[in-house]
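> Got a sequence here, can you build the structure:
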Amino acid sequence: MDYNYAVFWHVPQGGAGIDRLRVADADEARCTCSERHPGAILAAFKKTQFTPDQVNHVFLDWLNSVV
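I've put the predicted structure just below:
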């Protein structure tokens, strides 16, 4: 799937992950993910903000900062 935003999400006492979405902007990305993952802490990034190799590392750093 081609996407333009990656959204990091973490549901306290639940799961965590990265949703890749084709949306108009970061607000729409966060809104879509909040519907998928109620109560989640969210952070949206443009696909071009990180290289594919950096995404997992940045996600783990972000997750450690919110847990």
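> what's around His10, how many residues?
By other CB atoms under 10 Å, 20 other residues sit near His10. Placement of C-beta: from N, CA and C, glycine included.
> for Gly14, same thing?
Neighbour count of Gly14, defined by other CB under 10 Å: 11.
> report the longest helix in this structure, please.
Scanning the chain for the longest helix, with DSSP state H as the assignment, gives helix 52-66.
> now that helix: how far from the chain's centre is it?
Helix 52-66 sits 10 Å away from the centroid of its parent chain (CA atoms, centre = their mean, to the nearest Å).
> and that helix, average pLDDT?
In this model, helix 52-66 has an average pLDDT of 93.
> Can you pull the poorly scored residue ranges out of the protein?
In the predicted model, the chain carries pLDDT under 70 at residues 1.
> Sheet-wise, list the partners of the helix or strand where Ala6 lies with their directions.
Counting by DSSP states H and E, the element that carries Ala6 is strand 5-10. Strand pairing for strand 5-10, using DSSP bridges, gives strand 16-21 (antiparallel), strand 41-46 (antiparallel).
> So for the last one, what gets flagged as buried?
Residues 41-45 are the ones in strand 41-46 that count as buried (16 or more other CB atoms under 10 Å).
> again, but for stretch 42-59
By 16+ other CB under 10 Å, the buried positions in stretch 42-59 come out as 42-45, 55, 58-59.
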